[in-house]
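[1] Using only what follows, build the 3D model:
(one chain, ligands or ions: 1)
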Amino acid sequence: MCNLDQSDFYNWCSCAGHCTLSLPTDGCFWHGCPRCYRRPGSNRAFWDAKLARNRARDRAVARDLRRRGWRVLRLWEHALAGPAAARAVERVKRAVGGAGRKTTD
Ligand SMILES: [Zn+2]
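    So this is what the prediction gives:
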């Protein structure tokens, strides 16, 4: 039984040893979604640096998880709303049911 802890940044699965799938859900603004992100009109240097740090941390966390044998399936915030949500659910189902299946980030 998988029990995700939503309060944890990594969305670590609390059943370590049984589940090895991490499902980080990235906010479209905070993580720079190529589809949704709109660069703020003011304080651009601050926001550019903030976004770069967030994305660098995303890559480092995913790399660390993969090194530990975890699979990482990143989902954008926009993929969890509206008609796209059904596709996101299917991606998660495939990832959960398909040990060794490649995932994307
Ligand atoms: Zn988005």
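[2] Can you list the buried residues in the top helix by length along the chain?
    Counting residues, the longest helix in the chain under DSSP state H turns out to be helix 44-67. For helix 44-67, the neighbour count (16 or more other C-beta atoms under 10 Å) marks L51, N54, D58, A62, L65 as buried. Where C-beta positions appear, they are placed from N, C-alpha and C, glycine not excepted.
[3] again, but for stretch 65-85
    L65, W70, R71, V72, L73, R74, L75, W76, H78, A79.
[4] now that stretch: how far from the chain's centre is it?
    Here the centre of stretch 65-85 is set off from its chain's centre by 4 Å, with C-alpha atoms, centre = their mean, to the nearest Å.
[5] can you tell if that stretch touches the ion?
    Yes: remark: stretch 65-85 sits within contact range of the ion at W76, H78, by C-beta under 5 Å from the ion.
[6] Distance check, the closest residue to L51 other than its chain neighbours against D48.
    The shortest distance from L51 to any non-neighbouring residue, by C-beta to C-beta, 6 or more residues apart in numbering, is to G32 (4.8 Å). To D48, G32 is 10 Å away according to C-beta to C-beta, to the nearest Å.
[7] So what's the predicted local confidence for the residue of the chain most remote from its centre?
    Going by C-alpha atoms, centre = their mean, the residue of the chain most distant from its centre is S42, 27.2 Å out. At S42 the predicted local confidence, pLDDT, stands at 97.
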